[in-house]
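**Q** what shape does this take:
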Amino acid sequence: ANYNDFDWRVSIAELTSDAAFSAYPGVDRIVTLLSPDAISLSVDGVETWITKFRPFTFPGEVTVSARLSGRRATDLNVMSRRGSIRASVRMHTSERLLWATVPEGETSVCIVLAGRASLRWQKDPQVDLGERDAVIVTGPGRFVISGRPDLALHQVHTGDQRPGVVFVHVRFHRLGGEGR
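**A** Now for the predicted structure:
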């Protein structure tokens with residue numbers, strides 16, 4: 001998709017060297033580091049260290065460059081067209097159920113980053129998800145997602161050092177006007 005062809009976009013990128021980010025005027029960006037080594041983002045000359053699973057927001061028109069602390073990094077990139085869409089990112093590391101209501105005018109993207117999960121939307125059949133699988137749902141409605149750790153796939157530790165499932169819930173709320 002080119003710059004003018006989206007209201008929102010989600011991607012996962014591999015960074016293998018220090019680099020400048022592309023400018024996206026009129027787009028709000030959220031970058032969330034998925035790998036363990038921190039990266040430094042210089043945003044209009046102000047350096048900020050971002051760490052794993054901590055979303056970092058900045059306007060797409062500013063000058064941004066990344067400096068790796070390790071040999072490579074993986075990040076989740078969320079972009080939303082300012083004035084049309086408001087985005088939010090929440091990271092979950094759990095084996096418990098997550099219930100979420102998706103209001104009218106909102107779209108949710110759930111991506112499993114490690115382990116396995118099951119998602120049920122409304123009365124639809126359950127969908128089993130593996131690592132890097134994603135589901136997009138548009139409201140109104142309600143979904144439930146439950147984690148199932150799979151140590152053969154990936155071992156992830158929650159704060160209490162138990163193996164768990166890591167997934168991200170990205171929400172896009174339409175502010176008004178027609179979509180692209």
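**Q** so where's this protein uncertain?
**A** Within the chain, the segments meeting pLDDT under 70 span 1-3, 94-96, 148-167, 176-180.
**Q** change it to 90
**A** By pLDDT under 90, the low-scoring segments of the chain are 1-7, 34-37, 52-53, 70-71, 84-85, 90-139, 143-180.
**Q** would you say R29 is within a strand?
**A** Yes - according to DSSP: H, G, I helix; E, B strand; the rest coil, R29 belongs to a strand.
**Q** wait, doesn't it sit right on P59?
**A** Yes - between R29 and P59 there is a contact at 7.3 Å, judged by CB atoms under 8 Å. Just so you know, the C-beta spots here come from the backbone N, C-alpha and C atoms, and that holds for glycine as well.
**Q** which of those two has more neighbours?
**A** Remark: of R29 and P59, R29 carries more neighbours, 21 against 16, as counted by other CB atoms under 10 Å.
**Q** how much space separates that one from R82?
**A** Applying CB to CB, to the nearest Å, the value for R29 to R82 is 10 Å.
**Q** any common contacting residues for these two?
**A** P59 (CB atoms under 8 Å, 6 or more residues apart in numbering).
**Q** and the contacts of stretch 40-48?
**A** With contacts defined as CB under 8 Å, 6+ apart, stretch 40-48 is touched by V31, W49, I50, F56, F58, V62, T63, V64, S65, A66, R67, S69.
**Q** roughly how far does the fifth one sit from R29?
**A** Just to be clear, that refers to F58. On the measure of CB to CB, F58 and R29 end up 6 Å apart.
**Q** try the third one
**A** Using CB to CB, we find I50 at a distance of 12 Å from R29.
**Q** what's the answer for D133, then?
**A** Relative to R29, D133 is positioned 24 Å away (CB to CB).
**Q** what does D37 give?
**A** In terms of CB to CB, D37 sits 21 Å off from R29.
**Q** how about R171?
**A** Shown here: R171 relative to R29, a distance of 15 Å by CB to CB.
**Q** ok, now A87?
**A** For A87, the distance to R29 - CB to CB - is 9 Å.
**Q** quick one: common contacting residues for those two?
**A** Common neighbours of A87 and R29, using CB under 8 Å, 6+ apart, are V78, M79.
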